[in-house]
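Novice: Quick one: sequence and predicted model below, then my questions.
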Amino acid sequence: MKLKELKTDIVIVGGGLGSIAAAISIAKLGKKCIITEETDWIGGQLTSQAVPMDEHPWMEFFGCTQTYRQLRNEIREYYKKYYPVTSRSRMDPYFSPGASLTTRLPCEPKIALSALFSMLAPFCSNESITILTEYKPEEVEIIGDVIKKVRVKDLKTGDFLDVSGEYFLEGTENGEILKLGNIEYVTGAESRNDTKELHAEENKDPQNMQAFTFCYALSYYPDEDNTIDKPETYEFWKNYQAPFQTNKNFSWNPQTNRKYQFFPDKEVNLFSIWQYRRILYKKNFENGFLKGDLSLMNSSHNDYWLGSIIDVSENKKIENIEKAKQLSLSEIYWLQTDAPRPDGGVGYPGLKLRYDYTNTRDGLAKYPYIRESRRLLAEFQILEQHVGLEALELDNLSEAVNFPDTIGIGCYNIDLHPTTGGQPSLNIPTRPFQISLGALIPRRVKNLIAASKNIGTTHITNGCYRLHSIEWNIGEAAGVLAAYCLKNSLMPTQVRNKTKSLTDYQKVLKKMGIELEWPKFIKGTSYHKHFKDITDWDWGENDKRNLWNI
């Protein structure tokens, strides 16, 4: 076993979107950092988890950081520069490659990865940023409430590497540093008695957390037979029905205007899962370039809620990962062979699993889509009553609660997928909200900053703070905070709790292009009300409640 050591100013463990944003801000402020990432792709939910951007409806105009907008522009311009888009698409400043229903800028993981590296490249060249992929955290050394180093394992060679710095940013997908360092955190559902949240569960349950998902992409070529081998557990999943479901998990009625319609072979004026997260729409490109559309599958059908991968034994984690993969493969096989069609037939054998989309042997994402991480027990906990529309109205508030220590903004419904505790999906409208600095700062450990979806939210509010642009904003502000603390010889808690330091830090954030509050005319509205593309359809209330969980 070979041991090496690297030292830097700031260590970022995990290479997700928050980590990348943090690294860029650190480098811009003249400090150095090292990123360690477990997979061979940086970018987290946008790349290795294969999930295109989920965003609020004002994203093209305001409501994100300057660097997040740069990322979006890099992605959009990549398509316009290298793909044969139509003249109309090329002239469209808001060009959407997939004309998707759920995101204004769907993209392939490889394009997002290219855009991220384009933004990182200058700082990697001057050695401000060092990126170590396929390194997994194994140990955390803490002395006197100060992290001294993190030991990571090279997954290619089995060697170990000790990485040390003045500050450490927690950017892993599951909050691994919190566990390894015995840093106070929570998982799963808090009790209503503890948080006083309207929609909290009656009883606390650390293992009651949102389902995770192995996403995948499909193209449709009606004249081909691309049927995969029948998965080992197909019969189980084909007949599976959760206690909270009224029908089998894979069932839908293609004859009615309901949310579980598929329609890969035609354009429809009703909801279609195929169009919901469509990545490439062939009509946006020159004739003959694409034989068919390309669409990502990430829905309640392939959400795995029969067990978690957080705070369980290693054997149980491996078992649940394999079962989740079997679920996604079974959904593919069902779509190809048994899914009901509007013409009375069954199956779409022309559906082709796009292994190249995920760059994996099984065609599934490199890493499961993690909706709910370990959450830091932070100086400040963000609750439903701070952001939830119904809770705010009960308190006679027309806007989200103002956070004096704001480090950015976000907006998304509280979107909870079915849980490992047997709870059905839940969707709660919110007011446009802010991100509190206090949610990034541990109560005890002095030199750790949360930089991902692991901040001090609850099981409820995690549902609206876990999205791409918000994770990016959290990470970027965390990076600025670490660099600011180094420059001014301050601890994060001192920055937050000293008015002069907080004001000065927020000035740096604004100078970096981070919006700290919403325009006045937006504050009193809600995400749900203004997402006209989907909510205008005449659906039943139950469909509207569960719409965002598709």
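Specialist: Perfect, I can see it now. Just so we're clear, the structure is a prediction, and the values are computed from it rather than from any experiment.
Novice: part of a helix, is residue 69?
Specialist: Yes - counting by DSSP: H, G, I helix; E, B strand; the rest coil, residue 69 falls inside a helix.
Novice: Tell me how many other residues crowd it.
Specialist: By the criterion of other CB atoms under 10 Å, residue 69 has 17 neighbours. Glycine gets a C-beta too; all of them are placed from N, C-alpha and C.
Novice: how near is residue 502 to residue 320?
Specialist: According to CB to CB, to the nearest Å, residue 502 and residue 320 sit 42 Å apart.
Novice: now swap in residue 174 and tell me
Specialist: With CB to CB as the criterion, residue 174 and residue 320 are 13 Å apart.
Novice: Mutual contacts of the two, please.
Specialist: Residues touching both residue 174 and residue 320 comprise residue 309, with contact defined as CB atoms under 8 Å, 6 or more residues apart in numbering.
Novice: What are the contacting residues of the longest helix seen in the chain?
Specialist: Longest helix of the chain, by residue count under DSSP state H: helix 314-337. Contacts with helix 314-337, where a contact means CB under 8 Å, 6+ apart, come from 212-216, 218, 226-228, 230-234, 236-238, 250, 262, 297, 301-302, 304, 306-309, 312, 346-349, 351, 353, 362-364, 368.
Novice: Now the buried members of those residues.
Specialist: Those of the contacts of helix 314-337 that meet the buried threshold are 212-216, 218, 226-228, 231, 233-234, 237-238, 250, 262, 297, 301-302, 304, 307-309, 347-348, 351, 353, 363-364, 368, by 16 or more other CB atoms under 10 Å.
Novice: looking at it, residue 352 is touching residue 216, isn't it?
Specialist: No - proximity of residue 352 to residue 216 does not meet the contact threshold set by CB atoms under 8 Å, at 10.9 Å.
Novice: Which strand or helix spans the residue of the chain positioned farthest from its centre?
Specialist: Distance from the centre of the chain peaks at residue 344, with 37.2 Å (CA atoms, centre = their mean). Under the assignment given by DSSP states H and E, residue 344 is not contained in any helix or strand.
Novice: and it, what pLDDT?
Specialist: The per-residue pLDDT reported for residue 344 equals 83.
Novice: how many neighbours does residue 298 have?
Specialist: Using other CB under 10 Å: residue 298 sits among 26 other residues.
Novice: Next up, phi/psi of the closest residue to it other than its chain neighbours, please.
Specialist: Once flanking residues are discounted, residue 298 sits nearest to residue 215: 4.5 Å by CB to CB, 6 or more residues apart in numbering. Phi and psi for residue 215, reported as degrees, to the nearest 10, are phi -80, psi 160.
Novice: so how far is residue 309 from residue 215?
Specialist: In this view, residue 215 and residue 309 are 15 Å apart by CB to CB.
Novice: Filter the contacts of helix 314-337 down to the ones in strands?
Specialist: Of these, the ones assigned to strands by DSSP state E are 212-213, 216, 218, 297, 304, 351, 353.
Novice: Closest one of the residues you listed to residue 443?
Specialist: Distance to residue 443 across these (CB to CB) is lowest for residue 212, with 27.5 Å.
Novice: roughly how far apart are the closest one and residue 35?
Specialist: Counting by CB to CB, the gap from residue 212 to residue 35 is 23 Å.
Novice: and what of residue 172?
Specialist: Per CB to CB, residue 172 is found 11 Å from residue 35.
Novice: repeat for residue 146
Specialist: Taking CB to CB, one finds residue 146 at 21 Å from residue 35.
Novice: And those two? Which one has more around it.
Specialist: It is residue 35, of residue 146 and residue 35, that has more neighbours when counted by other CB under 10 Å, with 29 against 14.
Novice: what about the more buried one, helix or strand, and which?
Specialist: Assigned by DSSP H and E, residue 35 belongs to strand 33-37.
Novice: shaky segments in the stretch 401-550 of the chain?
Specialist: Applying pLDDT under 70 to the stretch 401-550 of the chain picks out residues 527-550.
Novice: can you map out the strands along it?
Specialist: 406-410, 414-416, 426-428, 433-436, 448-450 (DSSP state E, counting those that start in this stretch).
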